[in-house]
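Asker: give me coordinates for this.
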Amino acid sequence: MISQSEIISVLIPVVIFLLLTLMASRVLEKRVLMQFVSAYFLGILTVVPMVIGLQLAFEYDLISNILSFRRSLFFSFVVVGFLAEFSKYLLLRYYFIRKDVIAKPFDGILYSVMIAMGFSTIANIYFYFFLPEPFNQPIVAYSLPFANLIIGIILGFFVGFGKFRKQHIDYLTGLAAAIFFQGFYIFCILADDFLLIGLVGFVMLIISVLLSLRSINTDVRQIM
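Answerer: This next block holds a predicted model:
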């Protein structure tokens, strides 16, 4: 039976989505608001490649003895990191960035975060039922939404800038950074080192805050 704390952990990304939607409803016109909300629901679909990858890895025993260093790296950066972030990147880069609703670099962050919350909602449910040993289920449940929120900010920053600077290096940098941080987050979870998880989380938070401030204070005309 699902406990109250487990229900709360699953609802974290939903609450973040609702709060962002409520704030956006006060400043966005209806058409743009619907696009913004759709990022969350389309973000749900971005979990599919990772789930398929995990199921195949479990079925064909590709990640047995996951505590070995090389298998931990493969699981963290390829099976989870790459598949999770590449699917989010594709949705943001080739669907939303091309729309006129992305009118400034900071919009890239907002849409990326909404996608990340959609991803986190289903990922948390999936991990609750299928997360293998030796993962610490409570740590994953409570940290995953916030980790993906921060990673979404990092990805959205570079992709948002990429639209206006029209430089592919921005897109690739955002994708590479997102994969790295997602993979490193999972690797820390596998290591079951709370101090390392806290330090990595703090560094990621500082980076995301600095990137957000820069994005907010950037005039589109200065980077085009």
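Asker: low pLDDT regions in this structure?
Answerer: 1-6, 62-67, 132-136, 221-224 (pLDDT under 70).
Asker: hmm, 80 instead?
Answerer: Applying pLDDT under 80 to the chain flags residues 1-9, 58-69, 130-138, 191-194, 219-224.
Asker: got the residue ranges for the helices in it?
Answerer: Remark: helices assigned in the chain by DSSP state H are 4-25, 30-45, 48-59, 69-73, 83-91, 105-130, 137-165, 168-191, 194-216, 220-223.
Asker: select, out of those helices, the one closest to residue 97.
Answerer: Distance to residue 97, taken as CB to CB, is lowest for helix 137-165 among the helices of the chain, at 4.9 Å. Bear in mind the C-beta positions are built from the backbone N, C-alpha and C, glycine included.
Asker: packing partners for that closest one?
Answerer: helix 4-25, helix 83-91, helix 105-130, helix 168-191, helix 194-216, helix 220-223 (3 or more CB pairs under 8 Å, 6 or more residues apart in numbering; DSSP states H and E).
Asker: which stretch among the ones you listed comes nearest residue 138?
Answerer: helix 4-25 (7.4 Å).
Asker: show me what that closest one is packed up against.
Answerer: Using 3+ CB pairs under 8 Å, 6+ apart, helix 4-25 is in contact with helix 30-45, helix 105-130, helix 137-165.
Asker: could you dump those to TSV with mean neighbour count and distance to residue 182?
Answerer: Putting these into TSV (neighbours: other CB atoms under 10 Å; distance: least, CB to CB, whole Å) gives the following:
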stretch	mean neighbour count	distance to residue 182
helix 30-45	17	14
helix 105-130	23	10
helix 137-165	23	6
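Asker: among those, which is nearest residue 79?
Answerer: Closest among the helices and strands packed on helix 4-25, using CB to CB: helix 105-130, at 13.0 Å.
Asker: quick one: distance of that closest one to the chain centre.
Answerer: Between the centre of helix 105-130 and the centre of its chain there are 5 Å (CA atoms, centre = their mean, to the nearest Å).
Asker: same deal with stretch 80-90?
Answerer: 8 Å.
Asker: go through it and flag the buried ones.
Answerer: 80, 81, 82, 83, 84, 85, 86, 87, 88, 89 (16 or more other CB atoms under 10 Å).
Asker: of all the helices and strands packed on helix 137-165, which lies closest to residue 55?
Answerer: It is, among the helices and strands packed on helix 137-165 and with distance given as CB to CB, helix 105-130, at 8.1 Å.
Asker: can you lay out the helices and strands packed on helix 4-25 as CSV showing distance to residue 171?
Answerer: As requested, the helices and strands packed on helix 4-25 are exported to CSV (distance: least, CB to CB, whole Å):
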stretch, distance to residue 171
helix 30-45, 18
helix 105-130, 10
helix 137-165, 4
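Asker: any figure for the gap between the closest residue to residue 95 other than its chain neighbours and residue 36?
Answerer: The shortest distance from residue 95 to any non-neighbouring residue, by CB to CB, 6 or more residues apart in numbering, is to residue 42 (7.4 Å). Residue 42 sits 11 Å away from residue 36, taking CB to CB, to the nearest Å as the criterion.
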